[in-house]
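With the input below, show me the fold.
(one chain, ligands or ions: 1)
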Amino acid sequence: MVQHDAQGSDAAGRVALITGASRGIGRGIALELARAGGYHLAINYLANEGAAYETASACRAVGREAGHELRAEIVRGDVASAADRQGLIDFVRERYGRLDLLVNNAGVAPSVRADILEATEESFDRLVQINLKGPYFLTQLAARYMIEQLGGRPAAPGTRNVVTITSISAYTASVNRGDYCIAKAGLAMHTKLWAARLAECGIGVFEIQPGVIETDMTAAVRARYDALFAADLTPFPRWGTPADVGKAVTAVARGHFPYSTGMVIDVDGGFRLRRL
Ligand code: NAP
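From the prediction side, this is the model:
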């Protein structure tokens, strides 16, 4: 009989680290986790400290409204920097003493959308560094910390998870942002690799592929996507919201997929569906 870790039942004090949670989808994930309860939150940001504070205080308020007190602290760190990635894990270790959920959400769009006949190596390197290398090696650090805490036993089903936010761009060719698509396609393989490696530890690894979500990232192309939605881009004819993505992360975090790993969850209004 497999013996699981003792912390599996200690649902009230679990800890989640969410990268890029000052704004947009990351904030939506933090708020949904706060609403559901059971997790203290480490809110990572890069430049917008004020927005990160707002996320943290909104999380505490939402948690209180829902009847649970939670800690939500902010932590600066660039996921593209090895030293900062270590700093994020050190912060969680020192301030919370455990890690149950890593959400790799932080990511950027190319500064300029350029045709792949014209796009630069600088943009490619930046996108790969932040959107692919960052989450891959942060997962390595987080996984080592989780394994250390498990003390040689597998996690109780559904209690320790890594969730990575990729995109429909992992499989959809957009020739004006090839760097973004390639980084997200690589990140899809990251999920498969970590799922295969961490299964023996009982750690679930999931990928969420959002479609078009209303955030600062998509603000510059709002009119273009409004027109596409009007022209039947998706079966559900609306923009996605950060809360839509947050609810999917929360389902994983609450242990609702105890016998799944390496799974891709579409949060895309049905974009993937082929229709005739
Ligand atoms: P956003 O509104 O631009 O927010 C980006 C967040 O990431 C901010 O919190 C930002 O922090 C943080 N960040 C950026 N670079 C960082 C770095 N190097 N290290 C740490 N944090 C960093 O973007 P979003 O739309 O919420 O996107 C979040 C994720 O979802 C990204 O991975 C994106 O590729 C993915 N996604 C988005 C869409 C969409 O339609 N919006 C669709 C599919 C997938 P500061 O506030 O401090 O700058």
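
where does residue 117 land in three-state SS?
coil (DSSP: H, G, I helix; E, B strand; the rest coil).

Number of residues surrounding it?
Residue 117 has 7 neighbouring residues, counting by other CB atoms under 10 Å. Yep, even glycine has a C-beta here, placed from its N, CA and C like the rest.

Then the one 4 residues further on?
For residue 121, the count of nearby residues is 8 (other CB under 10 Å).

Please read off the pLDDT at it from the model.
Looking at residue 121, its pLDDT is 98.

Need phi/psi at residue 100.
The phi/psi pair for residue 100 (degrees, to the nearest 10) reads phi -110, psi -20.

And for the closest residue to it other than its chain neighbours, the neighbour number?
Once flanking residues are discounted, residue 100 sits nearest to residue 14: 4.0 Å by CB to CB, 6 or more residues apart in numbering. Neighbourhood size, residue 14 [other CB under 10 Å]: 22.

cool, residue 59 as well?
By other CB under 10 Å, the residues close to residue 59 number 26.

same question, residue 152
9.

isn't there a helix covering it?
No. Residue 152: not assigned to a helix; according to three-state DSSP it is coil.

sorry, back to before: can you give me the distance of the residue nearest to residue 100 to residue 214?
Distance of residue 14 to residue 214, given as CB to CB, to the nearest Å: 29 Å.

same thing with residue 262?
Distance from residue 262 to residue 214, by CB to CB: 29 Å.

what's next to the helix or strand containing residue 26, contact-wise?
Secondary structure assigned from DSSP states H and E places residue 26 in helix 24-36. The contact list for helix 24-36 (CB atoms under 8 Å, 6 or more residues apart in numbering) reads 16, 18-21, 39, 41, 43-44, 51, 55-56, 58-60, 62-63, 66, 70, 72, 103, 105-106, 165, 210, 213, 215-217, 241-247, 249-250, 253-254.

same check, this time on stretch 175-188
By CB under 8 Å, 6+ apart, stretch 175-188 touches 104, 109-110, 113-116, 119, 123-124, 126-128, 130-132, 135-136, 164, 166-167, 169-174, 207, 209, 264.

what does the stretch 151-276 of the chain have sitting close to the ligand?
165, 167, 210, 212-213, 215-218 (CB under 6 Å from any ligand atom).

what's the neighbour count on residue 193?
Residue 193 has 13 nearby residues by other CB under 10 Å.

ok, and it, which helix or strand is that part of?
Under the assignment here (DSSP H and E), residue 193 is part of helix 178-198.

partner strands of the very next helix or strand once past that helix, parallel or antiparallel?
Sequence-wise, the next helix or strand downstream of helix 178-198 (DSSP H and E) is strand 204-210. Strand pairing for strand 204-210, using DSSP bridges, gives strand 161-165 (parallel), strand 263-267 (parallel).

Please identify the most buried of these.
Comparing the strands paired with strand 204-210 by mean neighbour count (mean count of other CB atoms under 10 Å), strand 161-165 comes out on top with a mean of 26.

what sits up against it?
By CB under 8 Å, 6+ apart, strand 161-165 touches 25, 100-105, 107, 135, 139, 142-143, 187, 190-191, 194, 198, 203-208, 210, 245, 249, 252-253.

can you give me how far it is from the chain middle?
5 Å (CA atoms, centre = their mean, to the nearest Å).

same thing with stretch 148-157?
22 Å.

Quick check: end-to-end length of it?
Length of stretch 148-157, first residue to last, CA to CA, to the nearest Å: 17 Å.

quick one: buried residues of that stretch?
Residues of stretch 148-157 classed as buried: 149-150, 154-156 (neighbour count, 16 or more other CB atoms under 10 Å).

Equivalent analysis for stretch 194-206, please.
Quick answer for stretch 194-206 (16+ other CB under 10 Å): 194-195, 198, 201-206.

Residue 112 contacts residue 123, correct?
Yes. Taking contacts as CB atoms under 8 Å, residue 112 lies within contact range of residue 123: 7.0 Å.

For the residue in the stretch 101-250 of the chain positioned nearest to the ligand, give me its contacts.
Of all residues in the stretch 101-250 of the chain, residue 107 sits closest to the ligand, at 2.2 Å by CB to the nearest ligand atom. For residue 107, the contacting residues are 20, 130-131, 165, by CB under 8 Å, 6+ apart.
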